[in-house]
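**Student:** The following block contains a protein sequence and its predicted model.
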Amino acid sequence: MEFTETGTLKKWSIGDIVIIPEIQEVSENKFRGGAFWCIPNFDQLGYPFEIKHGEYRNTKCVTNTLPHEKFLSAASGAGWGKLSTRVLWEEKAMATVHQLEVRAHLQALTPLTTLRPGFHPYFKVQGTFTLEIGGIKITSENMPVDKMIIVPVQKNASGSVVATLITSNLHITVAATMEEDLLRSNACFSFAVWSDNPEEYLCIEPVYGTAYGIDNLPTSFVLDRGQTTTLVSKIIVSIN
């Protein structure tokens, strides 16, 4: 796996099969492809957050080796607080099943550190596709262009939520969970689905929280100084 200096995964392929297309700058400071964490916040939320999709993707890693470690803080020095992050990416292969697991360990460095994180992977699609999330089916025929679809999802028995993408000869499962006893019991999740070019790629983005807002996305939650949580996202690929 290759990463940018800020810890964004550049691409992910299984042999010659592209799963996550290579990150590219399509216009000035506008990128498509790859996969990255949105920490402390997914999307553009306003105060106490300041940057759409958060400071993580704009902050250099302490070192270029895994796990990626960073110290994050609000750009103004106020706002959502301060955070240390430790992110590990791991590939696993089992016959025709391949898995990419990403674990983001977060520790608050300030009281009332406010978070609404998400994981933001791009997936290569070719021709028709079907995406199933919590009983909702999204297809290449009804996927809107440049409009986000938000689907709240209930946890399964293992405490995870899943979305399933079927495209070409691939069966791709995106699974997410939140660890640490502090938040796990009342964790809630939504998937944000988006693309401005659904003929080529699709973003299936788990968003983490502890309560739902009126927009069906989780609202922000708070960690006190020293408290931790671990966000886990898995991409599981079966090749037919």
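**Tutor:** Received, thanks. Numbers count the residues shown, from 1 in each chain.
**Student:** Which helix or strand lies directly C-terminal to the helix or strand bottoming out on mean pLDDT in the chain?
**Tutor:** Within the chain, no helix or strand scores below helix 181-184, which has a mean of 66 by mean pLDDT, DSSP states H and E. Later in the chain than helix 181-184, the nearest helix or strand by DSSP states H and E is strand 188-194.
**Student:** What are the contacting residues of that next one?
**Tutor:** Under the contact criterion CB atoms under 8 Å, 6 or more residues apart in numbering, strand 188-194 has outside partners 42-43, 118, 131, 133-134, 138, 143, 146-153, 155, 161, 163, 174, 176, 178, 202-212, 216-218. C-betas here are computed from N, CA, C, even on glycine.
**Student:** got the CA coordinates for the next helix or strand after it in PDB?
**Tutor:** Sequence-wise, the next helix or strand downstream of strand 188-194 (DSSP H and E) is strand 201-209. The C-alpha trace of strand 201-209 is given here as PDB (Å, rounded to 0.1, in the frame of the first residue of the first chain):
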ATOM      1  CA  TYR A 201     -16.600   5.700  -8.900                       C
ATOM      2  CA  LEU A 202     -18.800   5.600  -5.800                       C
ATOM      3  CA  CYS A 203     -18.100   6.700  -2.300                       C
ATOM      4  CA  ILE A 204     -19.600   4.500   0.500                       C
ATOM      5  CA  GLU A 205     -18.700   6.300   3.700                       C
ATOM      6  CA  PRO A 206     -19.500   5.100   7.200                       C
ATOM      7  CA  VAL A 207     -20.100   8.000   9.700                       C
ATOM      8  CA  TYR A 208     -19.700   7.400  13.500                       C
ATOM      9  CA  GLY A 209     -21.700   8.900  16.300                       C
END
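**Student:** Partner strands of the helix or strand immediately after strand 201-209 in the chain and their direction?
**Tutor:** Next along the chain after strand 201-209, taking DSSP H and E as the criterion, comes strand 221-223. Taking DSSP bridges as the criterion, strand 221-223 forms sheet pairs with strand 113-115 (antiparallel).
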